[in-house]
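*Asks:* Below are the sequence and a predicted model for it; my questions follow.
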Amino acid sequence: FKFNNGVDHAIINPVVRGYRTVVPRPARTGLRNFLRNLKSPTILANQLLQGDIRGAGSTLIRAGVNTTIGIGGLIDVAADAGLPYEQEDFGQTLAVWGVGHGPYLVVPILGPSSLRDYAGYFVDAYADPIRWWLFNTDNEGWYYAKVGVEYLDLRESLLDVLEELEKSSIDYYAAVRSTYYQRRQALVNDEMGTAIPDFDEQ
């Protein structure tokens, strides 16, 4: 955790601030919309695995509307029409299936997560149809560029939150860990109402 915090202050945060300075907010928003649109197949698959049929339908409509009217997803037209973006990943799917977090991990550069959520991340990355297409067409470089841009976008979205958390926390490590668990639980609970029921409890 201390290593990651040092890298954040020395390298990542200055790069993110430079990104904010060079790229205007509308362009950053368009890039984030585009990256979210690219995740539609993975989000759809996880919603189906969770039994969230309504969410899957919304994702299909969002992808269709944003890809066409939204110029490839650069403009989130669907959100303006009442279909907001919903983050779904295989870690959340495992949670819906009853799998616990497991150990809390802090991986160099990648940061904090649980064993369950890291496993979910790698499943999503491996199953990503865009990855399969790029690798099968000898365009691996574009995939790694996409991953890099996604990481930059993620860190830009977290910059202010983490800086404020560090300033206001007596124990920054404990605060980050608590925030991580709360956020993941909130993401899981958002879909629990339409999730596959626990038949053992029935």
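*Replies:* Everything's here; your move. If you're wondering where the values come from, they're calculated on a predicted model, not measured in any experiment.
*Asks:* quick one: contacts for residue 120?
*Replies:* Each residue near residue 120 by Cβ atoms under 8 Å, 6 or more residues apart in numbering is listed here: 89, 90, 91, 92, 93, 94. C-beta coordinates here come from the backbone N, C-alpha and C atoms, glycine included.
*Asks:* Inside helices: which ones of the residues you listed?
*Replies:* Secondary structure from DSSP state H places 90, 91, 92, 93, 94 of those in helices.
*Asks:* Strands of this structure, start to end?
*Replies:* Per DSSP state E, the chain carries strands over the ranges 104-107, 111-114.
*Asks:* biggest helix in the chain by residues?
*Replies:* Per DSSP H, the chain has its longest helix at helix 140-168.
*Asks:* Any buried residues in it, and which?
*Replies:* Buried residues in helix 140-168, defined by neighbour count with 16 or more other Cβ atoms under 10 Å: 143, 146, 150, 152, 153, 155, 156, 159, 162.
*Asks:* For stretch 57-65, which residues meet the burial criterion?
*Replies:* Buried residues in stretch 57-65, counted by 16+ other Cβ under 10 Å: 58, 59, 62, 63, 65.
*Asks:* And for stretch 97-108?
*Replies:* In stretch 97-108, counting by 16+ other Cβ under 10 Å, buried: 101, 106.
*Asks:* Residue 90 and residue 47 touch, don't they?
*Replies:* No - assessed by Cβ atoms under 8 Å, residue 90 is found out of contact with residue 47, at 11.3 Å.
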